[in-house]
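> predicted coordinates and the sequence they were generated for:
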Amino acid sequence: MKRIFIALFLFAASAAFASNEISSFTEGKIKEFLTTRIELRSGTKTSAVSKIAEVREQTFSALAGEAVDFEQEKLILESFYFMEEYEWLLDPKTNRAELRKQMRNLMKQIFACIDSRGEAGASKWLYNVGGDVTSYYMTRSIKATLFYGLRVKEFYEKAIEKDANMTTSNVCLGNWYFYAPKVCGGGRDKAEKCFQKALLGSSAKGEYYIAYQSLSQLYFEEKRQGLFEKCTSALTNLGIGKKEIALMKKCNDAGYSFFQYRRNRAGIDEKLEASEKEEED
């Protein structure tokens, strides 16, 4: 009887871990940062980098006592913090090669964590940052884009399997569909459905922001003026990201979408300097 009880207890504990891959503490910190990172875009480089360091220190000082899966949760949070830092610190003339190397190392850690946890133990957020970090890494290399492009899509799809209306993964999958040629499975109709699901799943201001922004720019591209204006108004009324919204409106007034601006800014078709080329595996 005692053995049966122990077996049932172990089974229940295993099931609980599988259904609750990360702690509510980490979920909360992710949600907070989704809004914080938008707020940072209206500040300066110095204030943004300082704030990210402060958030990282405060979060990691408490994480060990709260985490369900410390390694996975630390990796997820660090991915969010590093990606936002990367946006502020990147200088193609001085540190791009080093930051790209750090991004590649982070990507490999995520791959290993997903492989070790399996689908039952890998959280939707681990799949999400897997897609995000890989996207950042492959952006400046055509070879890496061809090598990792479908894997990025798969990561977002895995996250959405766990949470159908997950805002961040739906926005990112929508971006994938938006940019991918139709012959490769892309399409703006598919992108729109993803962005609408992202809006449906939003709860934090930062989530509403990326959902409304994505929809507004899709409607701008499609010349659906009424929906474009409605989403732009909703985006502005959130009261965050004012500097970025002003830039977005400047792009729109000039006749091109923020999607186009970001794609050109990323320079995906630029050739890497010889010193930056590395094995894409």
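Sure thing, it's come through.
> ranges for the helices of this structure?
With helices called from DSSP state H, the chain shows them at 2-19, 24-40, 45-63, 70-89, 96-121, 124-138, 142-162, 167-179, 188-200, 205-221, 225-237, 242-253, 258-266.
> and for the third one, what's in contact with it?
Right, helix 45-63. Identification of contacts with helix 45-63 by CB atoms under 8 Å, 6 or more residues apart in numbering yields 25-26, 29, 33, 36, 40-41, 43, 70, 73-74, 77-78, 81, 84-85, 88-89. (Each C-beta comes from the backbone N, C-alpha and C, glycine too.)
> again, 10 Å this time
23, 25-26, 28-30, 32-33, 36-37, 39-44, 66, 70, 73-74, 77-78, 80-82, 84-85, 87-89 (CB atoms under 10 Å, 6 or more residues apart in numbering).
> still on that earlier bit, how about TSV for the helices of the chain, with mean pLDDT and mean neighbour count added?
Listed next are the helices of the chain as TSV, based on pLDDT from 0 to 100; neighbours: other CB atoms under 10 Å:
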stretch	mean pLDDT	mean neighbour count
helix 2-19	39	10
helix 24-40	97	19
helix 45-63	97	14
helix 70-89	97	20
helix 96-121	94	16
helix 124-138	92	24
helix 142-162	79	18
helix 167-179	94	24
helix 188-200	97	19
helix 205-221	98	24
helix 225-237	98	16
helix 242-253	95	15
helix 258-266	77	15
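> then stretch 235-242 to CSV, C-alphas only?
What follows is stretch 235-242 as a C-alpha-only set of coordinates in CSV (Å, rounded to 0.1, in the frame of the first residue of the first chain):
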residue,chain,number,x,y,z
LEU,A,235,-2.1,51.9,-29.9
THR,A,236,-1.6,55.6,-29.1
ASN,A,237,-4.2,55.5,-26.3
LEU,A,238,-2.1,52.9,-24.4
GLY,A,239,0.2,55.7,-23.4
ILE,A,240,3.5,53.9,-23.9
GLY,A,241,6.1,53.8,-26.7
LYS,A,242,5.4,57.4,-27.7
